[in-house]
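> coords please:
(chains A, B and C)
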Amino acid sequence: MSESETRSTATEVSNPSFRARLKAETARKVIETVYALVEECRIHLGEDGIHIMAADPALVASVTLDVDSAAFNTYSANGGLIGVNLERLSDVLGVAERDQLVTFTLDDETRKLHVAVGELEYRMALIDPDSIRSPPDPSNFDFEYSGTVVVRTEEVDRFIRASDMVADHLAIGMTEGEKPFYVEAEGDTDDVSLALSDDDLIELTPGSARSLFSLDYLSAINRPIPRDSAVRLSLGNELPIELQYEIASGHGSVEYVLSPRIASS
Amino acid sequence: MSESETRSTATEVSNPSFRARLKAETARKVIETVYALVEECRIHLGEDGIHIMAADPALVASVTLDVDSAAFNTYSANGGLIGVNLERLSDVLGVAERDQLVTFTLDDETRKLHVAVGELEYRMALIDPDSIRSPPDPSNFDFEYSGTVVVRTEEVDRFIRASDMVADHLAIGMTEGEKPFYVEAEGDTDDVSLALSDDDLIELTPGSARSLFSLDYLSAINRPIPRDSAVRLSLGNELPIELQYEIASGHGSVEYVLSPRIASS
Amino acid sequence: MSESETRSTATEVSNPSFRARLKAETARKVIETVYALVEECRIHLGEDGIHIMAADPALVASVTLDVDSAAFNTYSANGGLIGVNLERLSDVLGVAERDQLVTFTLDDETRKLHVAVGELEYRMALIDPDSIRSPPDPSNFDFEYSGTVVVRTEEVDRFIRASDMVADHLAIGMTEGEKPFYVEAEGDTDDVSLALSDDDLIELTPGSARSLFSLDYLSAINRPIPRDSAVRLSLGNELPIELQYEIASGHGSVEYVLSPRIASS
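Down below sits the predicted model:
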């Protein structure tokens, strides 16, 4: 009983190797973005911010996420690496209000991550980073894209949702014609297409490109993309697509890379 | 590949026999209203507007819906007839915002209906109208109603929902007494009733009437009725009930006719 | 048929032994509070207000609820006792708008409770109070609590939801130290704790206490507690916990008593 009594005061970790405080809403967005592809991930706790890289088990898609220390209310870290279960972390963050601050503290001794929401403290067992599949080498991702476009995230949401009704894959391409960006999904009876002219695009680096992608993956990737913002799509011929956008009011960035499907016809 | 590149610019249909543009919200209400009874329907594309008539497979209920060309931002048609899958059309319209304009264009050559939402274009295969069951002859619907009332749609919603808790059928009637309109549902243990006086009615043509109706049908019919408006109920003795109301800001009208159930007791 | 016509005018009960009128929202809160523990209950219709006492079938938790006649728009009763099915009553109240007035009238002859929402009347068969399990004797609840705290309901909600993620039981306690109130849940891998200092508490009667409770029960009890208010927790050593709060703008009170679990370790 006396042990319990001791435990009952909120645990104070002295000189933690990682302590960070940020809005629950931002923390949730980070978790949700990575959880779209994997259930567990390694988080690198860099001196200037956090860095996550992960690839789905089939190695079809990867995500790279950086959040600068400026996105945090307070931030201190000395370069460690932790492994976390994203579903559990997501549940825990669910008890906080949108604007409430959440404090993460790493207890180096017990290897638990303390997540404090108000006076509530959740102590989560970490996962050995070595037991989590290594993310792919970023140098693998140096593709020679033919062109890029920046589009409003509403357009991305709309073409993915509409295509998903008729087909299980989607062609995304660029032409040098009047409508430089296009999307096409062909189903058994119905088709969906989108063709954007220069005026509909926020930015354009013209090129000629066409690749086919899985709608299951695109739908998973699309879900956490914030509405009312912009996403940069980099494209090539039978090459992966790269989707890049900002989070945390510009203090964070996300980059998804999705491999093409081999054309079915 | 060159074929695909051609396809990739948004399809332009020249001189279509039908082209119409209207708010997504209005289009959705039209589809929802007919989908309450059938999964597929014929749409008559009249010069002055669209006309739909359909009856459920058991021929217990029918719906007649008219939307005048004035409800559309642009409208042109030359009297054709198309067959559509309402569930698919409803899914497609789901990607549009409430106030967004949707353009429907009939491609007479491919017999596909092009549905454009912003720069997105969905090409839906039509159904051969001959393969869709003929709607009943409207002259069958010339019943000699004993009386009519106009009530607020909230009252209709409330009595249908409440009755559905206790029973599977509902008596709707009129008397020449102090409360000219009434509804009664008798369950095994609990009863529900509603009796409206002249003051509670928007309009009244008095009469004496009473018929029993299926709550499954009434609930399906009730769902798409817009709130905050008025519905005209025409009633007789052991006769069908007719429910009429306006949609599309008065530029469209809906008429459901539901056959009575034979009294169970 | 003439019988039906007679029934069709809204039933008037003359000199009912109980008639009460109140906001749908308040009525729903009362039902929901008791329904957290039982499906049927006895309601005592006192001259000054209603009184409900009920215990769950396992006799682990009980609820005592009083609503003063001042919470009602009109109230008259002469001390009767009725038995009601809470699920059915909850469904019926579901058809009313939040602010709409609901009138309850007891038909002593038919032993039905008439629930009127606008012009709609629902007549619900009552349950014989003798067929409903007797609530426990309140004198059983005279525990010698060691201390009490009053906390914001958001804190209660948060610690119950967070603990529910890691464990199936929860220790709630008080110490005489700096953080006089604490909660602890220990799961297989993760722990949750909350420790509140004097400043975080709305009121404090200090003491030393610790008991273990089932999270299934606490979650059920927590659900109907109104947000943005205060709850008084009375605690002892291996004793039941008492949760008290106000409803109906202070004209009603709720008291849950939950028995402790025997410590599992």
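
> Once you drop chain neighbours, what's closest to the residue nearest the centre of chain A?
Central residue of chain A (C-alpha atoms, centre = their mean): residue A:33, 3.1 Å from the mean position. Spatial nearest neighbour of residue A:33, chain neighbours left out: residue A:224 (4.6 Å); criterion: C-beta to C-beta, 6 or more residues apart in numbering or on different chains. Every residue, glycine included, has its C-beta placed from N, CA and C.

> What is the neighbour count of the one you found?
20 (other C-beta atoms under 10 Å in any protein chain shown).

> ok, now the one 3 residues further on?
For residue A:227, the number of neighbouring residues by other C-beta under 10 Å comes to 9.

> again with residue A:84
22.

> Correct me if wrong: it contacts residue A:115.
No. In this structure, residue A:84 is not within contact of residue A:115 by C-beta atoms under 8 Å, at 10.3 Å.

> Strands along the stretch 151-265 of chain A, start to end?
A:169-174, A:181-186, A:191-196, A:203-205, A:209-214, A:230-235, A:241-247, A:252-258 (DSSP state E, counting those that start in this stretch).

> Get me the contact residues on chain A for chain B.
Applying C-beta under 8 Å from any C-beta of the partner chain, one finds that chain A approaches chain B through A:155, A:158-159, A:161-162, A:165-166, A:171, A:173, A:175, A:177-179, A:182, A:184, A:189-196, A:200, A:210.

> which ones are touching residue A:56?
If a contact means C-beta atoms under 8 Å, 6 or more residues apart in numbering or on different chains, then residue A:56 has A:37-38, A:62, A:217 as its contacts.

> Sorry, wrong one. I was asking about residue A:117.
A:24, A:92-93, A:95-96, A:100, A:102, C:158, C:162.

> are any of these buried, and which?
A:24, A:92-93, A:95-96, A:102, C:158, C:162 (16 or more other C-beta atoms under 10 Å in any protein chain shown).

> hang on, the earlier thing: would you turn the contacts of residue A:56 into a markdown table with neighbour count and distance to chain C?
Shown next, in a markdown table, are the contacts of residue A:56 (neighbours: other C-beta atoms under 10 Å in any protein chain shown; distance: C-beta to the nearest C-beta, whole Å):
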| residue | neighbour count | distance to chain C |
| --- | --- | --- |
| A:37 | 22 | 23 |
| A:38 | 20 | 19 |
| A:62 | 23 | 28 |
| A:217 | 21 | 29 |
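
> from those, which ones fall inside strands?
Counting by DSSP state E, the part of those found in strands is residue A:62.

> and which of the contacts of residue A:56 is nearest to chain B?
Using C-beta to the nearest C-beta, residue A:217 is the member of those that lies nearest chain B, at 19.3 Å.

> these two touch, right, the closest one and residue A:61?
Yes. The pair residue A:217 / residue A:61 is scored as a contact, 5.2 Å apart, by C-beta under 8 Å.

> Which neighbours do those two have in common?
By C-beta under 8 Å, 6+ apart, the residues touching both residue A:217 and residue A:61 are residue A:258.

> Now the common contact residues for residue A:84 and residue A:115.
By C-beta under 8 Å, 6+ apart, the residues touching both residue A:84 and residue A:115 are residue A:124.

> Quick check: closest non-adjacent residue to residue A:37.
In space, and not counting its chain neighbours, residue A:37 is closest to residue A:56: 4.4 Å by C-beta to C-beta, 6+ apart.

> if I pick the nearest residue to residue A:168 once chain neighbours are set aside, what's in contact with it?
Among residues not flanking residue A:168 along the chain, residue A:215 sits closest, at 5.4 Å (C-beta to C-beta, 6+ apart). Neighbour list for residue A:215: A:160, A:163-164, A:167-170, A:185 [criterion: C-beta under 8 Å, 6+ apart].

> Buried ones among those residues?
A:160, A:163-164, A:167, A:169-170, A:185.

> Okay, now the unreliable bits of the stretch 1-150 of chain A?
For the stretch 1-150 of chain A, applying pLDDT under 70 flags the ranges A:1-11.

> repeat that for 90
Applying pLDDT under 90 to the stretch 1-150 of chain A picks out residues A:1-15, A:133-143.

> all strands for it, in order.
Using DSSP E, counting those that start in this stretch, strands in the stretch 1-150 of chain A cover A:18-23, A:40-46, A:49-55, A:61-68, A:74-77, A:80-85, A:101-107, A:112-117, A:120-125, A:147-152.

> Now find how far off-centre stretch A:204-224 is within its chain.
Put simply, stretch A:204-224 sits 15 Å off its chain's centre (C-alpha atoms, centre = their mean, to the nearest Å).

> Report the buried residues of it.
A:204, A:206-215, A:217-222, A:224.

> Over to stretch A:61-77?
Here stretch A:61-77 shows A:61-69, A:71-72, A:75, A:77 as buried, counting by 16+ other C-beta under 10 Å.

> so which of these comes closest to chain B?
Among the buried residues of stretch A:61-77, and counting by C-beta to the nearest C-beta, the member closest to chain B is residue A:61, at 23.3 Å.

> Next, the contact list for residue A:240, please.
Taking C-beta under 8 Å, 6+ apart as the test, what residue A:240 contacts is A:141, A:143, A:211, A:257-260.

> so what's residue A:150 bridging to?
residue A:203, residue A:232 (DSSP bridges).

> oh, I was asking about residue A:214
The partner residues for residue A:214, given DSSP bridges, come to residue A:169.

> Could I get the buried residue list for stretch A:16-33?
For stretch A:16-33, by 16+ other C-beta under 10 Å, it's A:16-24, A:26-33.

> for stretch A:134-152, same thing?
Going by neighbour count (16+ other C-beta under 10 Å), the buried part of stretch A:134-152 is A:135, A:145-149, A:151-152.
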